[in-house]
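# Below: sequence and its predicted model.
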There are 2 protein chains.
Amino acid sequence: MKPDKSSNRLRHYRIKPQSGMALTLQKGQIIRVIDVEGEQVSDLACFALGNIDESFSSGRTIDYNEKIYLSTGDILYSNRSNPMLTILSDTVGKHDLLFAPCSQEMFGSPYGITEAHPNCLDNLTTHLGSLGITASQIINAFNIFMNATLSANGKIAIEPPLSKAGDYIDLRAHMDLIVGITACSAKKCNNYHCTSIDVEIFEAT
Amino acid sequence: MKPDKSSNRLRHYRIKPQSGMALTLQKGQIIRVIDVEGEQVSDLACFALGNIDESFSSGRTIDYNEKIYLSTGDILYSNRSNPMLTILSDTVGKHDLLFAPCSQEMFGSPYGITEAHPNCLDNLTTHLGSLGITASQIINAFNIFMNATLSANGKIAIEPPLSKAGDYIDLRAHMDLIVGITACSAKKCNNYHCTSIDVEIFEAT
């Protein structure tokens, strides 16, 4: 089911380049994440509203879907093995479950950037912090539109996202959720041009 | 460098089938994980001693090693992007970074087992709990000897471990660590025969 943008859209947000936001999503509501200009990654982290010890788990999600690439019909699971979000629509079909959100320390030691650099982990922590969530609780994310390609020998490489302007993914909440979401700050992940992400929330139908 | 078992072994433990343990490892010390009978997985979780908010991160480890299969010379990183353990020796060459430790809830909903089942998450939590670590902090593990095979389309399947009796992996600590370690309880991961794991600790050299 594809939400009808004209009738049941509750909220709309624009996430500026290299920034992020947090929101709550009620059970049944749908979050649409839109790549505004194309080739832009958006990291999504989520927690059970009322129990932030329950969070999105890449490991459980890979286990129960029996795959590392999610698309329409697939389910994001929590560390408690509960369904958190189901993908309803996906105009791209390539996202990442393996990488952690980019961080200041990531840009630092391994990549040699010493000055402050915008990063998804800080952008998530800034907005989720008021809800009691700390950086050490943001271990896994669903990296929407991120295109990491795997070779048969297990080597992994970051390629430009396959998303074009206007491409989107819709996810329906299985429970009340706290969602943190970014417009990713790592140039390499976004074909060296960091742009905006739009977020729309649709009512439960 | 392969530790000389005759001269510098500090401690030895046997982890019985479907159980676990916790220990501390000083910077420079080496932990050897031995598959006693063969085809047995061992989940390893670790935390910085003195700061349990710093923990092993599969995502950072995949990022900095640029691969999902680790072996000799590769490094396990923390969520703070610091090296935690380097693999010094590895007689098997196939381990897993993608799956979360098996849990009661995993055996429950998705697999339909309703009675209590031994599981790695409980076995880790039981032993790490006295050090202040809770189940919700055990998100990622290095699943030693676990053989998950990936197809080009991203489908993943659990196959019998490649390890034979006596096979082992040695890891040297980059910092003082709390380590939780199991003999995995999930029959599917261990070719339907759960057996013991031996752990040896060698002094820093």
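Yep, that arrived. All values reported here derive from a predicted model rather than from experimental measurement.
# what are the phi and psi values for the spatially most central residue of chain A?
Taking CA atoms, centre = their mean, the centroid of chain A lies closest to residue A:44, which sits 2.3 Å from it. Backbone geometry at residue A:44, expressed as degrees, to the nearest 10, gives phi -120, psi 120.
# In chain A, where is pLDDT below threshold?
Filtered on pLDDT under 70, chain A yields the residue ranges A:1-7, A:110-111.
# all strands of chain A, in order?
A:9-15, A:20-25, A:30-35, A:42-48, A:51-55, A:75-77, A:83-90, A:142-144, A:147-150, A:156-159, A:168-173, A:177-182, A:197-202 (DSSP state E).
# ok now do the residue of chain A positioned farthest from its centre, which residues does it touch?
Distance from the C-alpha centroid of chain A peaks at residue A:153, with 26.7 Å (CA atoms, centre = their mean). Residue A:153 is in contact with B:67, B:69, counting by CB atoms under 8 Å, 6 or more residues apart in numbering or on different chains. From N, CA and C alone the C-beta is placed, and that goes for glycine too.
# Quick one: closest of the strands of chain A to chain B.
Closest approach to chain B among the strands of chain A (CB to the nearest CB): strand A:51-55, 3.8 Å.
# so what strands line up beside the closest one?
As defined by DSSP bridges, the strand partners of strand A:51-55 come to strand A:42-48 (antiparallel).
# which parts of the partner strand are buried?
Across strand A:42-48, burial judged by 16 or more other CB atoms under 10 Å in any protein chain shown covers A:42, A:43, A:44, A:45, A:46, A:47, A:48.
# is it true that the last one touches residue A:177?
Yes - using CB atoms under 8 Å, residue A:48 and residue A:177 qualify as a contacting pair, with a distance of 6.7 Å.
# Touching both of the two, which residues are there?
residue A:84.
# and the nearest residue to residue A:20 once chain neighbours are set aside, what does it touch?
The shortest distance from residue A:20 to any non-neighbouring residue, by CB to CB, 6 or more residues apart in numbering or on different chains, is to residue A:123 (3.2 Å). Applying CB under 8 Å, 6+ apart, we find residue A:123 in contact with A:18, A:19, A:20, A:182, A:185.
# hey, what's the third one bridged with?
Which is residue A:20. residue A:182.
# can you count the residues close to it?
By other CB atoms under 10 Å in any protein chain shown, the residues close to residue A:20 number 28.
# that older thread, need the contact list for the residue nearest to the centre of chain A.
Listed by CB under 8 Å, 6+ apart, the contact set of residue A:44 reads A:33, A:56, A:141, A:142, A:143, A:144, A:179, A:180, A:181.
# Distance check, it against residue B:142.
For residue A:44, the distance to residue B:142 (CB to CB, to the nearest Å) stands at 25 Å.
# what's the answer for residue A:102, then?
For residue A:102, the distance to residue B:142 (CB to CB) stands at 22 Å.
# Which one's more surrounded, those two?
Between residue A:102 and residue B:142, counted using other CB under 10 Å, residue A:102 has the larger neighbour count: 29 against 25.
# For the more buried one, which non-adjacent residue is spatially closest?
residue A:186 is the one closest to residue A:102 (CB to CB, 6+ apart), at 4.2 Å.
# any idea which of the contacts of residue A:44 has the most stuff around it?
Busiest of these [other CB under 10 Å] is residue A:144, holding 30 neighbours.
# Not counting its neighbours along the chain, what's nearest that residue?
Per CB to CB, 6+ apart, closest to residue A:144 is residue A:42, 4.4 Å.
# can I assume that neighbour is in contact with residue A:184?
Yes - if you go by CB under 8 Å, residue A:42 and residue A:184 touch, sitting 6.4 Å apart.
# which neighbours do those two share?
Common neighbours of residue A:42 and residue A:184, counting by CB under 8 Å, 6+ apart, are residue A:143.
# show me what contacts residue A:36?
Here residue A:36 is in contact with A:14, A:165, A:166, A:195, A:196, A:197, A:198 (CB under 8 Å, 6+ apart).
# Got a quick ChimeraX command for the buried subset of those residues?
Only the buried entries of the contacts of residue A:36 go into this ChimeraX selection, using 16+ other CB under 10 Å:
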select /A:195,196,197,198
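# can you pull the contacts of residue A:24?
Residue A:24 sits next to A:49, A:176, A:177, A:178, A:179 when contact means CB under 8 Å, 6+ apart.
# same thing with residue A:196?
Residue A:196 sits next to A:14, A:15, A:16, A:17, A:36, A:37, A:40, A:183 when contact means CB under 8 Å, 6+ apart.
# quick one: the third one and residue A:182 touch, right?
It stands for residue A:16. No - counting by CB under 8 Å, residue A:16 stays clear of residue A:182, with 10.3 Å between them.
# if you count what's nearby, which of the two comes out ahead?
More neighbours surround residue A:182 than the other of residue A:16 and residue A:182, with 29 against 12 (other CB under 10 Å).
# roughly how far apart are the more buried one and residue A:189?
11 Å.
# what do you get for residue A:165?
As judged by CB to CB, residue A:165 and residue A:189 stand 17 Å apart.
# In JSON lines: the strands of chain A, plus distance to residue B:149.
Listed next are the strands of chain A as JSON lines, based on distance: least, CB to CB, whole Å:
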{"stretch": "strand A:9-15", "distance to residue B:149": "37"}
{"stretch": "strand A:20-25", "distance to residue B:149": "35"}
{"stretch": "strand A:30-35", "distance to residue B:149": "31"}
{"stretch": "strand A:42-48", "distance to residue B:149": "28"}
{"stretch": "strand A:51-55", "distance to residue B:149": "28"}
{"stretch": "strand A:75-77", "distance to residue B:149": "21"}
{"stretch": "strand A:83-90", "distance to residue B:149": "24"}
{"stretch": "strand A:142-144", "distance to residue B:149": "23"}
{"stretch": "strand A:147-150", "distance to residue B:149": "12"}
{"stretch": "strand A:156-159", "distance to residue B:149": "16"}
{"stretch": "strand A:168-173", "distance to residue B:149": "27"}
{"stretch": "strand A:177-182", "distance to residue B:149": "32"}
{"stretch": "strand A:197-202", "distance to residue B:149": "34"}
